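**Q** Mind looking at a prediction? Sequence and model below.
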Amino acid sequence: MPDLYLDAIKNKEKKLSSIHGDEFDDLLKIASTKWVEYEPIKKPSFSVGVDSSWNKKSFQGIDLFVIDSVAVSSHNHVLGSRWDYGISNITGDSLSAKAMKMEIDLTKSVLDQKPDYVCVDGSIISNLVHNKNVSYRENVQSLFGNDQKSDVLFISKNSTSKNQFKEFGSRAADIYYYNKLGYKTGFSLANKNNFISDTLDVVEIYARLTAYVPLIKIEIINRTNITKPEIQNLVDGLCYHSIKGYPYCLKLAHQSCKITNNDVKRLASLYGFKNEFGSRDSLNE
């Protein structure tokens, strides 16, 4: 390993050039035209985080699975929860699809409480790509009525989307180039993602709520005409209850719903299951 590290240091620039390519500087210039430096003004807001988790363990050909989803306010009030568990043969994809549905059901249930923002963990674009179930898409669409007052935001820390810069020869995801512009607070102008345009109108915004922290990606449905002042207002509201540039309600939701291997083992013990020789734990995080 010491020799490997020395070689990695020696060839750092060469390896990075394979990612950057000849178009790197041009891509940064294009990204800078879409980026707005903005210092958020914290605006009091009522925000709710929605997240889910699943885990399973195999016992001699059968799976013991657990799914959990919660909605938590930034004041750490649990506004709703959903869960499921069982014994069957089930794949990780199926569990993930069930968890996605729980998140949307919970989001619906908290809208009656008129939060300013409902922050759902993850990318709705990715969810729709991986979950082809028509009922899931219809469930998502039903969130957005004509009298909708709350902003439903899908927020992720990472992204592999190349929607904005692929035509200019990008090799990395869009978020990579925005991150390379610097460490000041601000946001990108709204950009419609056409990858699922036949299903839903989704705009994506990259934002840094606090200086010197990584960006977050915000996806909004049915707001293709969102203006720069409206994005500023959105950033102000999200910043009010954020920790290190990340909505606190989402951090709380993640902590509340996370299902660890030990959790599954305790449930297995309750049901009298013993470990299958040579079996391994499976965790989706």
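**A** Arrived safely, thanks for sending. Just so it is clear, the model here is predicted, and its values are computed rather than measured. Residues are numbered from 1 along each chain as shown.
**Q** which residues in the protein form helices?
**A** 2-10, 12-20, 24-34, 92-110, 124-130, 134-141, 174-179, 228-240, 248-257, 261-271 (DSSP state H).
**Q** could those go into TSV alongside mean neighbour count, mean pLDDT and distance to Ser188?
**A** For every residue, glycine as well, the C-beta is placed using N, CA and C. TSV is the format used below for the helices of the chain (neighbours: other C-beta atoms under 10 Å; pLDDT from 0 to 100; distance: least, C-beta to C-beta, whole Å):
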stretch	mean neighbour count	mean pLDDT	distance to Ser188
helix 2-10	9	84	32
helix 12-20	10	77	20
helix 24-34	15	94	5
helix 92-110	19	93	24
helix 124-130	19	87	16
helix 134-141	14	83	23
helix 174-179	22	95	6
helix 228-240	19	96	9
helix 248-257	23	96	20
helix 261-271	13	89	38
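**Q** pretty sure Leu250 contacts Ile155?
**A** Yes - at 6.3 Å, Leu250 counts as touching Ile155 under the criterion of C-beta atoms under 8 Å.
**Q** Give me the common contacts of the two.
**A** Common contacts of Leu250 and Ile155 (C-beta atoms under 8 Å, 6 or more residues apart in numbering): 119, 121.
**Q** ok, back up a step: can you list the helices of the chain in CSV and add distance to Ser58?
**A** Formatted as CSV, those follow (distance: least, C-beta to C-beta, whole Å):
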stretch, distance to Ser58
helix 2-10, 35
helix 12-20, 38
helix 24-34, 45
helix 92-110, 11
helix 124-130, 22
helix 134-141, 26
helix 174-179, 35
helix 228-240, 40
helix 248-257, 22
helix 261-271, 10
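**Q** Which among those is found nearest to Pro44?
**A** Pro44 sits nearest to helix 228-240 of all these, at 5.9 Å, using C-beta to C-beta.
**Q** So which elements touch the closest one?
**A** Contacts defined by 3 or more C-beta pairs under 8 Å, 6 or more residues apart in numbering; DSSP states H and E place helix 228-240 against strand 47-59, strand 117-121, strand 151-156, strand 186-188, strand 202-208.
**Q** mind checking how far Trp35 is from Phe59?
**A** Trp35 is 51 Å from Phe59, where distance means C-beta to C-beta, to the nearest Å.
**Q** Between those two, point out the one with more neighbours.
**A** Higher neighbour count among Trp35 and Phe59: Trp35, with 20 against 15, using other C-beta atoms under 10 Å.
**Q** was I right about the more buried one contacting Leu181?
**A** Yes - the criterion here is C-beta under 8 Å, and Trp35 meets it with Leu181 at 5.6 Å.
**Q** What is the burial count for the closest residue to Asp105 other than its chain neighbours?
**A** Closest residue in space to Asp105, ignoring its immediate chain neighbours: Arg82 at 6.2 Å, by C-beta to C-beta, 6 or more residues apart in numbering. Residues lying near Arg82 (other C-beta under 10 Å) number 19.
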